[in-house]
Every structure is written in structure tokens, then in C-alpha cells.
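Trainee: Predicted model and sequence follow; I will ask about them next.
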Amino acid sequence: MSVTLDHIIIPARDKKTSAEFLARLLGVEVGAPMGPFVPVTTGNGVTLDYMDSEDFRWHHCAFLVSEEEFDAIFARIKEAAIPYQANPDGSGAGEINRRDGGRGVYFDDPNGHRMEVLTVPYGGWKQAKTERA
């Protein structure tokens, strides 16, 4: 069996609000609460399990999406007037990046976690992953 990521716990001041924020932008559903978690599941089955916490450092999560998904997500970001940047350090405000022939954008969730959507992984080495069958 190859090693795969199953889930990651994302601390939040309000797990339900945070999960709903991300799910709405990504165009996916929020799962039913499970114990202390509110899950958001990605297309490859990895779950982001939001858990209430007051003390945490920010996380970074990058979501590889198709060109069509990027268009839809980016439209929701702009519609919600969420500030976005081209770079992880916050530079390039109001811009997207075009690294490796793809597009990418960074934005913060309500807890300051730096989220990213991109159409081509950096280095382009997994480009086939974005071309879903």
C-alpha cells in the first residue's frame, strides 16, 4: 500500500463557520459532525477536520483544481469580496499567479489559515493529476 494523506485537523475559533466558509468557496459539502470535528472532504478523499480551539498557529492548505473549478472558486472569492493575493507572503494583492503555465491564488480563512487554489502544481511535475478522467 502506498502512503496517502487521510485527514488533517484544522484548528478554528468556530469550527462550523470555518468549515462552511471553505466548503462554500470550494463548492463542496460540509460533512456531518463527527465527535469534536466538522469535516470538509476533498475530491481525493482527504478530509479537513475542523476542531474548535483558541490557541493555534496558522496552517497552509493548497487545493489542486481544474481550470473550470478555479474559475468557479475564484468567482466565489471575488463575489464574497475576500482579499486574495498572488503569493504566499501576501504580496501581489488583488492578483493571481501564473506559475508553470497554471493559475493560483491565496486567501485567508476566518482564522487566518492561508488557503490556496492552483491549477498546476509548482514545478509542473504533477500536471496530469489536474487532467481528471
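Mentor: Done, it's in.
Trainee: contacts, neighbours, all on C-alpha from now
Mentor: OK.
Trainee: ok, Phe37 to Val46 distance?
Mentor: 14 Å (Cα to Cα, to the nearest Å).
Trainee: Over to Val65?
Mentor: Noted for Val65: a distance of 14 Å to Val46, by Cα to Cα.
Trainee: out of Phe37 and Val46, which sits in the busier spot?
Mentor: Neighbour totals were compared for Phe37 and Val46, and Phe37 leads with 20 against 15 (other Cα atoms under 10 Å).
Trainee: Please report phi then psi for the more buried one.
Mentor: Note on Phe37: its backbone torsions stand at phi -110, psi 150 [degrees, to the nearest 10].
Trainee: same check, this time on the one 3 residues further on
Mentor: Listed backbone geometry of Val40 is phi -130, psi 120, with angles given as degrees, to the nearest 10.
Trainee: got the contact list for it?
Mentor: Ala19, Leu22, Ala23, Val28, Glu29, Val30, Gly31, Thr47, Leu48, Asp49, Tyr50 (Cα atoms under 8 Å, 6 or more residues apart in numbering).
Trainee: didn't the fifth one look like it was pressed against Ala19?
Mentor: It stands for Glu29. No. Using Cα atoms under 8 Å as the test, Glu29 is too far from Ala19 to be in contact (9.2 Å).
Trainee: Among the two, which residue is more densely surrounded?
Mentor: Counted by other Cα under 10 Å, Glu29 and Ala19 do not tie: Ala19 has more neighbours, with 25 against 15.
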